[in-house]
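S.K.: okay, structure incoming, though there's no sequence with it:
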């Protein structure tokens, strides 16, 4: 009976059905169930909806194209964002599964790890999502490496992967493109070049030229310096306890760190602070990876055992101590350590850029995604070498653990979101019954496209323009302020007291999201 069951589960058709069941289940589990928080994703969607090629300046070209395609099959911007989140999660799931399935040779370990990650809160709630495309390309790059191929083909795959990552969300990857291309050229001419390899090389350089033209260049000048400053102050504020508004960060950076006028000087202006920043990022990276593991493998039990989860985990450790065959497991470990690793140097060629970028930039959680393909690959190998004792107790215990994991995933449904939330805010403005579009004073790229059918947005520069003057000169109907506007002292003053001088009525439903609304008194009934 057991042999028949194993044979049934090893069927390719059964395994394919399992994958499709998970993909379908995740749709009902997640689609439209999470809040859309203010993030870079909103700005990128705005750019995608107004996409015009070639780009006038370098941007997140791959992400814009992805969101533009999704928007063309969506009824509105809200649906487009929910659909993009779902598709990205599924692409992450499939690419991670393919990677693990290839390198581990085990359908069920690959299925287990990728499914647990798919339903983890880390994956489900992480924003911005644009880094998921980096995750996907890294997984596919690793998947396409082949020890049976010449070195050129593998370096070609790495070069394509780095190029794709540079044009999706992380332009810094382009710093690593030149050395990989040089190695690829060396491996190409080391032996008598094949026609297919030469054609691949020509196609690769043609692709670079085409994308260079379509995407507004190959690298935004001063980009690394700019993002380094922002992320450096994330750490510096923790070290010192001081807070800097966004504009102050750029003004104070040279006084604190040293004169930095180019990307290169980020690495030379202050080696002491650079090292401190990188070590602090390394600590946060370890904590970030542990958070991923907690979300993926621990939190699923919280839905079942609540505050008693830690005791259940201790019980699991005891059970695994009893059912693991340590002797055979160590034998497996020795075999893995001593076996040749023909793809190791190619894997390192992808790992190093990801690791260096995380250490120099980080410390935001979505940067952990750059390293997760490698982390899950290592974890998968660890699980694969574990041998269980061949007795009925081991089989029952292992089955109970798997059952509790998938029970925990089911019990987390529906996804819990706080109300009112940002989506409630967008729906609130969408449902207003008006005869003509209202003028809304808003500096909000974060979310405006979700309710733009009812409103004409009038922007202003919070650092240079006074809200009161703008309201009077533009005959504004609605004033909207969101959390990033509060980085400017004048805007904070308006929210605290100056709004009383406008004669507009304040609506308080969404202050918990740091979204503040004021409307003309004659429009109040439209908003109630």
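M.R.: Cool, the structure landed. Fair warning: this is a prediction, and the values are worked out from it, not measured in the lab.
S.K.: buried stuff in stretch 179-198?
M.R.: Buried residues in stretch 179-198, counted by 16 or more other Cβ atoms under 10 Å: 180-181, 183-184, 187-188, 197. Just so you know, the C-beta spots here come from the backbone N, C-alpha and C atoms, and that holds for glycine as well.
S.K.: how does this protein divide up, domain by domain?
M.R.: Annotated domains of the chain cover 2-220+319-411, 422-527 [automatic domain parsing].
S.K.: make CSV out of those domains and add mean pLDDT and distance to residue 309.
M.R.: Compiled in CSV, those are given as follows (pLDDT from 0 to 100; distance: least, Cβ to Cβ, whole Å):
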stretch, mean pLDDT, distance to residue 309
domain 2-220+319-411, 85, 10
domain 422-527, 82, 29
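S.K.: format those as CSV; extra columns: distance to residue 272.
M.R.: Listed next are these as CSV, based on distance: least, Cβ to Cβ, whole Å:
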stretch, distance to residue 272
domain 2-220+319-411, 15
domain 422-527, 29
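S.K.: and of these, who's closest to residue 243?
M.R.: domain 422-527 (10.0 Å; Cβ to Cβ).
S.K.: give me the number of residues near the residue lying closest to residue 488 once chain neighbours are set aside?
M.R.: With sequence-adjacent residues excluded and distances taken as Cβ to Cβ, 6 or more residues apart in numbering, residue 488 is closest to residue 462, at 4.1 Å. Here the number of neighbours of residue 462 (other Cβ atoms under 10 Å) works out to 21.
S.K.: before we move on, what SS does residue 462 have?
M.R.: What DSSP: H, G, I helix; E, B strand; the rest coil gives for residue 462 is coil.
S.K.: what do you get for residue 217?
M.R.: What three-state DSSP gives for residue 217 is coil.
S.K.: how far away is it from residue 174?
M.R.: Plainly put, residue 217 is 10 Å away from residue 174 if you go by Cβ to Cβ, to the nearest Å.
S.K.: go on, residue 101?
M.R.: Noted for residue 101: a distance of 31 Å to residue 174, by Cβ to Cβ.
S.K.: do residue 391 as well
M.R.: For residue 391, the distance to residue 174 equals 55 Å [Cβ to Cβ].
S.K.: of those two, which one has the most company?
M.R.: residue 174 (18 against 10).
S.K.: tell me which element the closest residue to that one other than its chain neighbours falls in.
M.R.: In space, and not counting its chain neighbours, residue 174 is closest to residue 166: 4.2 Å by Cβ to Cβ, 6+ apart. For residue 166, the host element (DSSP states H and E) is helix 151-168.
S.K.: can you map out the helices along the stretch 401-528 of the chain?
M.R.: Using DSSP state H, counting those that start in this stretch, the helices of the stretch 401-528 of the chain run over 422-430, 467-474, 489-496.
S.K.: and stretch 287-295, how far out from the chain middle?
M.R.: Distance, stretch centre to chain centre, for stretch 287-295: 14 Å (Cα atoms, centre = their mean, to the nearest Å).
S.K.: can you list contacts of that stretch?
M.R.: With contacts defined as Cβ atoms under 8 Å, 6 or more residues apart in numbering, stretch 287-295 is touched by 117, 120-123, 363, 365, 367-368, 371-372, 375.
S.K.: out of these, which are buried?
M.R.: Using 16+ other Cβ under 10 Å as the burial test, the contacts of stretch 287-295 include 117, 120-123, 363, 365, 367-368, 371-372 as buried.
S.K.: so which pair among the residues you listed is furthest apart in space?
M.R.: Largest separation among these by Cβ to Cβ: 117 and 363, giving 21.2 Å.
S.K.: sorry, back to before: tabulate the buried residues of stretch 179-198 (a markdown table), appending secondary structure and distance to residue 97.
M.R.: Compiled in a markdown table, these are given as follows (DSSP: H, G, I helix; E, B strand; the rest coil; distance: Cβ to Cβ, whole Å):
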| residue | secondary structure | distance to residue 97 |
| --- | --- | --- |
| 180 | helix | 27 |
| 181 | helix | 30 |
| 183 | helix | 30 |
| 184 | helix | 28 |
| 187 | helix | 30 |
| 188 | helix | 32 |
| 197 | helix | 30 |
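S.K.: of those residues, which is the nearest to residue 282?
M.R.: When the buried residues of stretch 179-198 are ranked by distance to residue 282 (Cβ to Cβ), residue 180 comes first, at 24.3 Å.
S.K.: now that closest one: closest residue in space that isn't a chain neighbour?
M.R.: Residue 180 sits nearest to residue 159 (Cβ to Cβ, 6+ apart), 4.9 Å away.
S.K.: again with residue 506
M.R.: Nearest non-adjacent residue to residue 506 (Cβ to Cβ, 6+ apart): residue 518, at 5.1 Å.
S.K.: tally up the residues packed near the one you found, please.
M.R.: There are 22 residues near residue 518, going by other Cβ under 10 Å.
S.K.: next up, the contacts around it.
M.R.: Contacts of residue 518 by Cβ under 8 Å, 6+ apart are 478-479, 499, 502, 504-507.
S.K.: okay, it and residue 428: tell me how far apart.
M.R.: According to Cβ to Cβ, residue 518 and residue 428 sit 15 Å apart.
S.K.: residue 459 now?
M.R.: Distance of residue 459 to residue 428, computed by Cβ to Cβ: 21 Å.
S.K.: who has more neighbours out of those two?
M.R.: Neighbour count, other Cβ under 10 Å: between residue 459 and residue 428, residue 428 has more, with 17 against 14.
S.K.: and for stretch 449-467, what are the contacting residues?
M.R.: By Cβ under 8 Å, 6+ apart, stretch 449-467 touches 36, 42, 45-46, 49, 76-78, 81, 247, 426, 429-430, 432, 434, 437-444, 448, 470, 474, 476, 478-479, 485, 487-488, 490-491, 494, 498.
S.K.: which among those count as buried?
M.R.: Among the contacts of stretch 449-467, those scoring as buried are 36, 42, 45-46, 49, 77-78, 81, 426, 429, 432, 438-444, 448, 470, 476, 478-479, 485, 487-488, 491, 494 (criterion: 16+ other Cβ under 10 Å).
S.K.: run the chain-centre distance for the longest helix along the chain.
M.R.: Criterion DSSP state H: the longest helix present in the chain is helix 77-104. Relative to its parent chain, helix 77-104 has a centroid offset of 11 Å by Cα atoms, centre = their mean.
S.K.: show me what counts as buried in the helix or strand just after it.
M.R.: The helix or strand immediately downstream of helix 77-104 is helix 107-118, counting by DSSP H and E. Neighbour counts over helix 107-118 (16+ other Cβ under 10 Å) mark 107, 109-118 as buried.
S.K.: what inclination does helix 107-118 have with respect to helix 77-104?
M.R.: Put simply, helix 107-118 runs at 150 degrees to helix 77-104, going by axes from the mean of the first three to the mean of the last three Cα atoms, to 10 degrees.
S.K.: name the helices or strands packed onto helix 107-118?
M.R.: Under the contact definition 3 or more Cβ pairs under 8 Å, 6 or more residues apart in numbering; DSSP states H and E, helix 107-118 sits against helix 12-30, helix 77-104, helix 372-385, helix 392-411.
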